[in-house]
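S.K.: Here is a sequence together with a model predicted from it:
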Protein chains: 2
Amino acid sequence: MSLPLAGVTIVDFSRILSGPYATMILADLGAVVIKVERPGRGDGARALPPLKDGKSGFFAAINRGKRSIALDLEAEADRSLLDRLLDRADVLVENFRPGVMARHGLDWEALRPRLPRLIYASVSGYGQTGPDAKRPAYDAVVQARGGLMGLTGTADAPARAGSSVGDLAGGMFLVQGILAALYDREKTGRGRRVDIGLLDAQLALMEQAVPQTALGPAPQASGTRHPALAPCEAVAASDGPFMLAAGTDAQFERLCLALQLPLAEDPRFADNAARLAHVRLLKRLIEAATLEHPRSHWLSRLTAAGVPCAPIQSMEQVMKDPQLLSRNMIVDVLDRYGRASFKAAGNPIKMSEMEDRPARPAAPELDGNRADILRWLGAD
Amino acid sequence: MSLPLAGVTIVDFSRILSGPYATMILADLGAVVIKVERPGRGDGARALPPLKDGKSGFFAAINRGKRSIALDLEAEADRSLLDRLLDRADVLVENFRPGVMARHGLDWEALRPRLPRLIYASVSGYGQTGPDAKRPAYDAVVQARGGLMGLTGTADAPARAGSSVGDLAGGMFLVQGILAALYDREKTGRGRRVDIGLLDAQLALMEQAVPQTALGPAPQASGTRHPALAPCEAVAASDGPFMLAAGTDAQFERLCLALQLPLAEDPRFADNAARLAHVRLLKRLIEAATLEHPRSHWLSRLTAAGVPCAPIQSMEQVMKDPQLLSRNMIVDVLDRYGRASFKAAGNPIKMSEMEDRPARPAAPELDGNRADILRWLGAD
């Protein structure tokens, strides 16, 4: 049993979500992550809800198992400590606006001559280049600008995707860039600079919308309906909606059998393209049948028939979902005394010979690992 | 200039979206991806809209630059060809339902003794283990079951996030697992099995909702409003809504100045927690000001003041966004004759010394690279 990133050290200047989410994944894979925080308040996520006994459950979830040292980058002693930390680092992560690291002499150009093996990884709202590079951004802003919001909800009421997918996608692409650069460094001995923009990352999620818009007509927000598969949307049972997705002809035939609807031979529904062309009629026909019984009836019947379907679960239901529990996807985060204190999403990257424990080590107190880090640097 | 994954060979059995999205990213980073398709129809995505001259723009976007060989896994000659392909492979990718690869003797347990260095990477709806492992699933089904749909849109009208974020997150975690395993193999000489479930991946995006639900109250769908930052939502100008996100106290002060609203000293809005507690009142006060002028007025004024904001762009607007264009995020995909034929999202992982061309090589014809692949195997 060994973690794939054992031996990798990351010096992490990032705050709030996109960078910390990336280093959370890297820590789950075995990297040592040292958060460099500003003295006094540290990472702003330490104050974000939900709070319990003054501690943020959000911060705990995203920063589990990391170390923290508070450094005043203007103070000479702290600065020389940072230099020695960087000498030991494989990867530097930061998510400031472009220009901030340079003000401290910590930009890639400044560090590169001394640290040619360092992988320098940045994520910012708009990336390091382009007319808007220096503007601040948040997940919600890039969801709006990048097109996701306009395609979510309805045409009259655009909606934010119910999680910070722009931030998270930025973090995930950062992880991918870092890991590709680490692999490459094994071959070349040289580090690379990785540059992720949240707006770019959000656009990279528009897998169907970009080619569709180029050829026209541009896609529209359509509630629960999928733009390119039919039937694939929420349908009403007698006690509320459930999600149905019969994406192949074989699944559609099985659906028709289970609903006792003689539609599989109808040329209007002969293949996905035909079903898409008659998608509103198709939904009304399906609901004519599904409204006869409650959701539980249809979910078990369609599951038995091999038709993909699911309840639209509340988060309370999600937290008790047997499949997610069996996959260790709801984990405890310990507090500094080793007590289960918060819940967090587990590590979705399951790998052979990699331990996947049901509890994760605590997130660090601000500056909580200074003594250990000094000892590790041989400076105590 | 060199690509970080130069020299990595991937044999890719995956179809439609989650697996192919992963191998698209790996191909953009320099890996050689050989699609193994079923004879006749190949990857089902070849038929998905948008279509132009019978070719799928969706397929072209996701499969740009890959190779294709059609293999009948029941035919002896094709099977021995596949064995020789696997001898050369660093990574195998597949996204069948668990059990399908085993029926062909191609499961990890079967291949591992002969190919100990092979990284065997699977993504399926529910992962390789647990009570629902063998059930089929689609992105829309895991969005519903995993809680994202219930938090998107409104409580009365849940909505699908406007892109297949469950599939895409699954693909991105697969990339991360593969890259971590490749790095690890440089140290140990051994491959690993990577196991990703779309439902797990979707849950891993609920970064705030999991700790929030555990401590209560559970979050609710709230349109464009962010659950933990205020003000962070769409507000109405005289000609329609735009997105506003003043996530820090300093940004909120600058917002109040720009709107000429004396709220920054008001204890009800003194910090993010207070603003969240009075978020509806705060929105009405902000809109009292913003309704006076059109969106363009506020976007330029707030941008000048350093307040994060953005238009809610349609996909047509997104495709012309100067920042995205300057970052090469809308690329051409060539056809087999080298003509710009489709548009796709570019590679969001920008890296030093890595070429980022504005046009991408064509997606392969079904079985279009058989002769080259045979030659490469020394079998022609």
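M.R.: Yep, it's here.

S.K.: residue contacts, the spatially most central residue of chain A?
M.R.: Nearest to the geometric centre of chain A sits residue A:168, at 3.4 Å (CA atoms, centre = their mean). By CB atoms under 8 Å, 6 or more residues apart in numbering or on different chains, the contact list for residue A:168 reads A:17-18, A:21, B:169, B:205, B:207. Placement of C-beta: from N, CA and C, glycine included.

S.K.: For residue B:201, see how far away the residue nearest to residue A:322 when sequence neighbours are not counted is.
M.R.: Leaving aside its sequence neighbours, residue A:322 sits nearest to residue B:131 (CB to CB, 6 or more residues apart in numbering or on different chains; 5.8 Å). Counting by CB to CB, to the nearest Å, the separation of residue B:131 from residue B:201 is 18 Å.

S.K.: same deal with residue A:357?
M.R.: 19 Å.

S.K.: go on, residue A:58?
M.R.: Taking CB to CB, one finds residue A:58 at 20 Å from residue B:201.

S.K.: Turn the contacts of residue A:168 into TSV, columns for pLDDT.
M.R.: Formatted as TSV, the contacts of residue A:168 follow (pLDDT from 0 to 100):
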residue	pLDDT
A:17	97
A:18	98
A:21	98
B:169	98
B:205	98
B:207	92
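
S.K.: most neighbours, which of the residues you listed?
M.R.: Highest neighbour count within those: residue B:169, with 31 neighbours (other CB atoms under 10 Å in any protein chain shown).

S.K.: Now it: which helix or strand?
M.R.: Taking DSSP states H and E as the definition, residue B:169 sits inside helix B:165-188.

S.K.: which element follows that helix toward the C-terminus?
M.R.: Next in line after helix B:165-188, if elements are assigned by DSSP H and E, sits strand B:193-197.

S.K.: is that next one anywhere near chain A?
M.R.: Yes. Strand B:193-197 lies within reach of chain A by CB under 8 Å from any CB of the partner chain, at B:193-197.

S.K.: Which SSE is immediately downstream of that strand?
M.R.: Next along the chain after strand B:193-197, taking DSSP H and E as the criterion, comes helix B:198-203.

S.K.: Do that following helix and chain A come into contact?
M.R.: Yes. On the criterion CB under 8 Å from any CB, helix B:198-203 is in touch with chain A at B:199-201, B:203.

S.K.: Go through those and say which is closest to chain A.
M.R.: residue B:200 (4.0 Å; CB to the nearest CB).

S.K.: Identify the residue spatially nearest to the closest one, adjacent ones excluded.
M.R.: Closest to residue B:200 by CB to CB, 6+ apart is residue A:348, at 4.0 Å.

S.K.: tell me the domain boundaries of chain A?
M.R.: A:9-205+A:325-376, A:232-314 (automatic domain parsing).

S.K.: what mean pLDDT would you report for the last one?
M.R.: Averaged across domain A:232-314, the pLDDT comes to 97.

S.K.: quick one: terminal-to-terminal distance for it?
M.R.: End-to-end span of domain A:232-314 (CA to CA, to the nearest Å): 20 Å.

S.K.: same deal with the first one?
M.R.: When the termini of domain A:9-205+A:325-376 are compared using CA to CA, they are 12 Å apart.

S.K.: now that domain: how far from the chain's centre is it?
M.R.: Offset of domain A:9-205+A:325-376 from its chain centre (CA atoms, centre = their mean, to the nearest Å): 11 Å.

S.K.: Check whether residue A:79 sits in a helix, strand or coil.
M.R.: Look at residue A:79: counting by DSSP: H, G, I helix; E, B strand; the rest coil, its state is helix.

S.K.: wait, it sits on residue A:86?
M.R.: No. Applying CB atoms under 8 Å, one finds residue A:79 not in contact with residue A:86, separated by 10.6 Å.

S.K.: Run through the helices of the stretch 1-150 of chain A in chain order.
M.R.: Assigned by DSSP state H, counting those that start in this stretch, the helices in the stretch 1-150 of chain A fall at A:18-28, A:57-63, A:76-88, A:100-103, A:108-111, A:139-145.

S.K.: Surely the residue nearest to residue B:200 is within a helix?
M.R.: No. Applying three-state DSSP, one finds residue A:348 to be coil, outside a helix.

S.K.: How about the contacts made by it?
M.R.: So residue A:348 contacts A:329, B:169, B:173, B:196-197, B:200-201, B:203-204 (CB under 8 Å, 6+ apart).

S.K.: 7 Å instead?
M.R.: A:329, B:173, B:196, B:200-201, B:204 (CB atoms under 7 Å, 6 or more residues apart in numbering or on different chains).

S.K.: Same check on residue A:202?
M.R.: Neighbours of residue A:202 in contact, by CB under 7 Å, 6+ apart: A:142-143, A:146, A:148, A:166, A:169.

S.K.: Mind pulling up the pLDDT for the residue lying closest to residue A:45 once chain neighbours are set aside?
M.R.: Of all residues not flanking residue A:45 in the chain, residue A:59 sits nearest, at 4.4 Å (CB to CB, 6+ apart). With respect to pLDDT, residue A:59 scores 98.

S.K.: neighbours of residue A:59, just the number please.
M.R.: With other CB under 10 Å as criterion, residue A:59 counts 24.

S.K.: Might one say that it is in contact with residue A:363?
M.R.: Yes. Look at residue A:59 against residue A:363 with CB atoms under 7 Å: they come within range, at 5.8 Å.

S.K.: start to end distance for stretch A:122-134?
M.R.: First residue to last in stretch A:122-134 (CA to CA) measures 13 Å.

S.K.: Now do the same for that stretch: mean pLDDT, whole number.
M.R.: Averaging pLDDT along stretch A:122-134 gives 98.

S.K.: Please identify the buried residues of that stretch?
M.R.: Buried residues in stretch A:122-134, counted by 16 or more other CB atoms under 10 Å in any protein chain shown: A:122-128, A:130, A:132-133.

S.K.: Format those residues as TSV; extra columns: distance to chain B.
M.R.: Below are the buried residues of stretch A:122-134 laid out as TSV (distance: CB to the nearest CB, whole Å):
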residue	distance to chain B
A:122	10
A:123	10
A:124	11
A:125	7
A:126	6
A:127	6
A:128	8
A:130	4
A:132	5
A:133	8
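
S.K.: Among those residues, which one sits closest to residue A:378?
M.R.: The closest of the buried residues of stretch A:122-134 to residue A:378 turns out to be residue A:122 (CB to CB; 29.4 Å).

S.K.: residues touching the closest one, list them.
M.R.: Neighbouring residues of residue A:122 by CB under 7 Å, 6+ apart: A:94-95, A:128, A:194-196.

S.K.: Quick check: beta-bridge partners of it?
M.R.: Per DSSP bridges, the residues bridged to residue A:122 are residue A:94, residue A:195.

S.K.: Comparing the helices of the stretch 1-150 of chain A, which comes out most buried?
M.R.: Counting by mean count of other CB atoms under 10 Å in any protein chain shown, helix A:139-145 has the highest mean neighbour count of those, with a mean of 30.

S.K.: elements contacting that helix?
M.R.: For helix A:139-145, the packing partners by 3 or more CB pairs under 7 Å, 6 or more residues apart in numbering or on different chains; DSSP states H and E come out as helix A:165-188, helix A:198-203, strand B:240-245, strand B:309-311.
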